[in-house]
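Chemist: Build me a structure from this.
(chains A and B)
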Amino acid sequence: GEDVEQSLFLSVREGDSSVINCTYTDSSSTYLYWYKQEPGAGLQLLTYIFSNMDMKQDQRLTVLLNKKDKHLSLRIADTQTGDSAIYFCAETSNTGNQFYFGTGTSLTVIP
Amino acid sequence: NAGVMQNPRHLVRRRGQEARLRCSPMKGHSHVYWYRQLPEEGLKFMVYLQKENIIDESGMPKERFSAEFPKEGPSILRIQQVVRGDSAAYFCASSPRREGSPLHFGNGTRLTVT
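Modeler: Model (predicted):
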């Protein structure tokens, strides 16, 4: 399968910005997604970006895509304690059946 | 509009018993994916099904695991003769499988094998 990699842990202070990074290997990736998982729950879709876009902004969330380097990032502005969760990036192509997920980044927000 | 429904939320089985996990996709979604999540690990793809068809089962263990998505009723992930290593959270996701459509996840079934 394709590799999707994320760092495992990130810790930020409340009010600061968080940046969660993701790298992938599939050059045919068409759509890239960010999901949030809170304890004991399933994955909640946060946002997604089509591969012909460089950036997408949605309220406090900014997604940046560097297709040349196969690098995706999620920036959370004014991080709150309620943002503490595990964040997964995922990618799929329009020719494939599978969605490939990273290992998840555990974000801890310190009050 | 109900989301993806999984039941039970928690399932305890003794070694050697069978576990049956159910998933009802979102209304209008005909594609179902099953994933397994072990503690401190990411999501591992298991199987992708459409109604009455298994499209990709490359992530399913060769023995003891099976999945179905009948014409009527929920998708079922079945684990026979469970072992302790099967203890995990099992997530179902559904999609209408239009281009770019994301997966929508249920809250998972947490299987504990004692």
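
Chemist: tell me which helix or strand of chain A sits lowest on mean pLDDT?
Modeler: Least confident helix or strand, chain A: strand A:100-101 with a mean of 89, by mean pLDDT, DSSP states H and E.

Chemist: where are the low-confidence patches of chain A?
Modeler: Chain A contains residues with pLDDT under 70 at A:1-2, A:94-96.

Chemist: for chain B, what are the nearby residues on it?
Modeler: A:1, A:30-31, A:33, A:35, A:40-45, A:48, A:50, A:88, A:90, A:94, A:97-104 (Cβ under 8 Å from any Cβ of the partner chain). The way it works is simple: take the backbone N, C-alpha and C, and place the C-beta from them, glycine included.

Chemist: Next step: those residues restricted to strands.
Modeler: When DSSP state E is applied, these are split such that A:Tyr31, A:Tyr33, A:Tyr35, A:Leu43, A:Gln44, A:Leu45, A:Tyr48, A:Phe50, A:Phe88, A:Ala90, A:Tyr100, A:Phe101 fall in strands.

Chemist: among those, who's most crowded?
Modeler: Neighbour tally across those (other Cβ atoms under 10 Å in any protein chain shown): the maximum, 30 neighbours, falls on A:Leu43.

Chemist: ok, that one - contacts?
Modeler: A:Leu43 is in contact with A:Tyr35, A:Lys36, A:Gln37, A:Phe88, B:Leu43, B:Phe91, B:Ala93, B:Leu103, B:Phe105, counting by Cβ atoms under 8 Å, 6 or more residues apart in numbering or on different chains.

Chemist: Tell me which residue is most central in chain B.
Modeler: B:Trp34 (3.6 Å; Cα atoms, centre = their mean).

Chemist: re the thing from before, relative to the whole chain's centre, how far out is the helix or strand following the least confident helix or strand of chain A?
Modeler: Later in the chain than strand A:100-101, the nearest helix or strand by DSSP states H and E is strand A:105-110. Chain-centre distance of strand A:105-110: 13 Å, with Cα atoms, centre = their mean, to the nearest Å.

Chemist: How about stretch A:26-42?
Modeler: Here stretch A:26-42 shows a centroid-to-chain-centroid distance of 6 Å under the convention Cα atoms, centre = their mean.

Chemist: List the buried residues in that stretch.
Modeler: Within stretch A:26-42, the residues scored as buried using 16 or more other Cβ atoms under 10 Å in any protein chain shown are A:Asp26, A:Ser29, A:Thr30, A:Tyr31, A:Leu32, A:Tyr33, A:Trp34, A:Tyr35, A:Lys36, A:Gln37, A:Gly42.
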